[in-house]
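**Q** got a predicted model here, sequence first, then my questions.
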Amino acid sequence: MQETETKPIKILGISGSPRNMATDFLVREALRIAREKYGAETDYFSAKGKKLNFCIHCDFCIRKKEGCIHKDDISAELYDKMIWADAWIIGTPVYQGTLSAQTKTIMDRCRAVVAKDPKVFLNKVGMGIADGGDRMGGQEPAIQTILNFYVINEMIPVGGGSFGANLGGTFWSQDRGAEGVSEDPEGMRSLRKTLKKLIQTTQLIRKASSGADPEAQKPEIPGKETNKQ
């Protein structure tokens, strides 16, 4: 398979860390590799310093279908980037054995985008990165939560495959931030393997979509089911 296409793959990197430390470094590193090795076009969003309001399940987005009731940095900046991208890389630090609160908030708030357009994220491809101060502090449960989020929103989750990468990019920082994860060779190998899967899968989806029946792409309309008997 060719590593690049005429039209660059658009990848959004999201760091769910409140700091510019290991997670910020890793997501930026993945985007750098995507640009330099695969010719991807990239964009980036960091939770650091951003106003991120929790989803309060008010159902404004369901009733109005006009987006989220909160007017913060997710609404102002992140939603458009998510819609723009063909593929996402969500990175999170491990807190208490799972995601950071910032990462979970970003994922929860996607409800408003999907309420407005249920197919808005359909067939976008996604991968996860998690880093922790302990070698086995919850990296894989954190990535599993990210992959579950992709499934729920009709995206296509990818891992890195067996023998080293498994669910995604997993890192041991030894509480030394970017320096620690950059010196984790197994972590960097898992990142490269997973990123390659992300690129390959996105290329396959593009190829399949280019030959898809337009009628098959239309969303189902409730109450209009065809009786096949």
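**A** Now that the structure is in, tell me what you want to look at. Numbering: from 1, shown residues only.
**Q** which residue ranges form the helices in this structure?
**A** With helices called from DSSP state H, the chain shows them at 22-38, 60-64, 73, 79-84, 101-108, 111-116, 139-152, 177-182, 185-210.
**Q** distance to Asn166, mean neighbour count and mean pLDDT added to these, as JSON lines?
**A** From N, CA and C alone the C-beta is placed, and that goes for glycine too. Shown next, in JSON lines, are the helices of the chain (distance: least, CB to CB, whole Å; neighbours: other CB atoms under 10 Å; pLDDT from 0 to 100):
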{"stretch": "helix 22-38", "distance to Asn166": "16", "mean neighbour count": "21", "mean pLDDT": "98"}
{"stretch": "helix 60-64", "distance to Asn166": "34", "mean neighbour count": "15", "mean pLDDT": "97"}
{"stretch": "helix 73", "distance to Asn166": "32", "mean neighbour count": "15", "mean pLDDT": "98"}
{"stretch": "helix 79-84", "distance to Asn166": "26", "mean neighbour count": "15", "mean pLDDT": "98"}
{"stretch": "helix 101-108", "distance to Asn166": "20", "mean neighbour count": "21", "mean pLDDT": "98"}
{"stretch": "helix 111-116", "distance to Asn166": "28", "mean neighbour count": "19", "mean pLDDT": "97"}
{"stretch": "helix 139-152", "distance to Asn166": "7", "mean neighbour count": "20", "mean pLDDT": "98"}
{"stretch": "helix 177-182", "distance to Asn166": "17", "mean neighbour count": "18", "mean pLDDT": "97"}
{"stretch": "helix 185-210", "distance to Asn166": "7", "mean neighbour count": "18", "mean pLDDT": "96"}
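**Q** can you redo the ones you listed as CSV with distance to Gly161?
**A** Shown next, in CSV, are these (distance: least, CB to CB, whole Å):
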stretch, distance to Gly161
helix 22-38, 16
helix 60-64, 36
helix 73, 35
helix 79-84, 26
helix 101-108, 24
helix 111-116, 29
helix 139-152, 14
helix 177-182, 21
helix 185-210, 6
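**Q** looking at those, which is closest to Ile90?
**A** Nearest to Ile90, of all these, is helix 139-152, at 5.0 Å by CB to CB.
**Q** related to what we said a few turns ago, out of the helices of the chain, flag the one nearest Pro93.
**A** helix 22-38 (5.0 Å).
**Q** next, the angle helix 185-210 makes with that closest one.
**A** If you take axes from the mean of the first three to the mean of the last three CA atoms, to 10 degrees, helix 22-38 sits at 60 degrees to helix 185-210.
**Q** please tell me how far Ile146 sits from Lys10.
**A** Shown here: Ile146 relative to Lys10, a distance of 19 Å by CB to CB, to the nearest Å.
**Q** cool, and Ile129?
**A** According to CB to CB, Ile129 and Lys10 sit 18 Å apart.
**Q** excluding its backbone neighbours, what's nearest Val158?
**A** With sequence-adjacent residues excluded and distances taken as CB to CB, 6 or more residues apart in numbering, Val158 is closest to Lys197, at 4.4 Å.
**Q** what's near enough to touch the one you found?
**A** 127, 158-161 (CB atoms under 8 Å, 6 or more residues apart in numbering).
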